[in-house]
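**Q** Need the 3D shape of this:
(one chain, ligands or ions: 1)
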Amino acid sequence: MVTPATPPLYPRATSTPNRNMSVNALPAEPNRTGLKPPRMAHARTSRSADELAASAPKISVSSLNFFYGASQALFDINLKIPEHCVTAFIGPSGCGKSTFLRCMNRMNDMIEGTRLEGDILLDDHDINAPRVDVVSLRKRVGMVFQKSNPFPKSILENVIYGPKVAGLRNKGRLMEIAEQCLERAALWNEVKDRLNDSALALSGGQQQRLCIARALATNPEVLLMDEPASALDPASTARIEDLIFELKDRYTIVIVTHNMQQAARVSDQTAFFFQGELVEAGRTNELFTNPTRKQTEDYITGRFG
Ligand SMILES: Nc1ncnc2c1ncn2[C@@H]1O[C@H](COP(=O)(O)OP(=O)(O)OP(=O)(O)O)[C@@H](O)[C@H]1O
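**A** Numbers count the residues shown, from 1 in each chain. Here you go, the predicted model:
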């Protein structure tokens, strides 16, 4: 076993005894949950434990508490989001997954009466520092929502909306961006001949991929996805999952999902939340087969939630 010189990627919840243990140092235990190692289908592209341990954290969260008015929704969260990896947040309804996701690009700022304590560092810079420009932050940390929300405009206008608002007027450059982002969102071939049609005429799955293309057009470094496939049929869900896998080479991705199989299929790291606390986070394969906490085991084996 090799203990890397860099700090471990996966700090455990504060009450976990071995929370400073690195991924590489995890003991090779038998499979306690009886679940199959979930990433077999994606073994070709999943990050190995070594790769994960070597990844620089793109986002580092420490001692995070979050409040809606007097009601505390998140308790002492510590987590590192590794660069160019997919991190999945799982946990029962109301445990704080979306709240935590929204903390990472300050979307909660828009909700009156909210308050945050602790630190969220993006590339070592505090995103909540007074001089941070929130619009620039949200360009770097883009978001895709549960329900696709294209604007009532053409397909093309949807994709180039962000760059146009940012002042880009060059039509050739705008077309290049549109093509590149639609390609990356695996939608170009389906829409290239009807870019001026209404986005609202697309199917649900196409609309969601259009929203991903729109998010990519501002050239983000991080993509936050809040249950991006929960409203889609299985075929469209599979396309979004494939897409997430392809995108992680360019972007750091964080996904909230209710679907544990989906977390297992697409993510490199999984974080399990319960009642506002981060119970456990670790390499997805490890967490699904050998969770260190009983609560995690009970949740992933379907005993509650
Ligand atoms: N705008 C809000 N105002 C007040 N309380 C809120 C608000 N949004 C969420 N909460 C509360 O914060 C807690 C965490 O909610 P959150 O939506 O983050 O959980 P979640 O794990 O994403 O749930 P779900 O899986 O059902 O979407 C819940 O108790 C919820 O009621």
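
**Q** distance of the residue lying closest to residue 96 once chain neighbours are set aside from residue 172?
**A** The shortest distance from residue 96 to any residue other than its chain neighbours is 4.6 Å, reached at residue 276 (CB to CB, 6 or more residues apart in numbering). C-betas here are computed from N, CA, C, even on glycine. Residue 276 sits 49 Å away from residue 172, taking CB to CB, to the nearest Å as the criterion.

**Q** Between the two, tell me which one has more neighbours.
**A** The residue with more neighbours, out of residue 276 and residue 172, is residue 276; 20 against 7, by other CB atoms under 10 Å.

**Q** Residue 71 is in contact with the more buried one, correct?
**A** No: counting by CB atoms under 8 Å, residue 276 does not reach residue 71; the two are 9.7 Å apart.

**Q** ok, back up a step: OK, contacts around the residue nearest to residue 96?
**A** Counting by CB atoms under 8 Å, 6 or more residues apart in numbering, residue 276 makes contact with 72-75, 95-96.

**Q** Output the residues you listed in a markdown table; the columns should cover pLDDT.
**A** Shown next, in a markdown table, are the contacts of residue 276 (pLDDT from 0 to 100):
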| residue | pLDDT |
| --- | --- |
| 72 | 98 |
| 73 | 98 |
| 74 | 98 |
| 75 | 98 |
| 95 | 97 |
| 96 | 97 |
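
**Q** Next one: residue 113 from residue 70, what distance?
**A** From residue 113 over to residue 70 (counting by CB to CB), the distance is 9 Å.

**Q** My error: substitute residue 253 in the last question.
**A** Relative to residue 70, and taking CB to CB, residue 253 is found at 33 Å.

**Q** lowest average confidence, helix or strand, in the protein?
**A** None of the helices or strands of the chain scores lower by mean pLDDT, DSSP states H and E than helix 49-54, at a mean of 74.

**Q** ok so, going back, residue 253 and residue 70: who's more crowded?
**A** Regarding residue 253 and residue 70, a neighbour count based on other CB under 10 Å identifies residue 253 as having more, with 25 against 7.

**Q** wait, what's in contact with the nearest residue to residue 194 once chain neighbours are set aside?
**A** Distances taken as CB to CB, 6+ apart put residue 155 closest to residue 194, at 6.9 Å, once the chain neighbours are dropped. Taking CB under 8 Å, 6+ apart, we find residue 155 in contact with 191, 194-199, 202, 210.

**Q** Having no further points to raise, I will conclude here.
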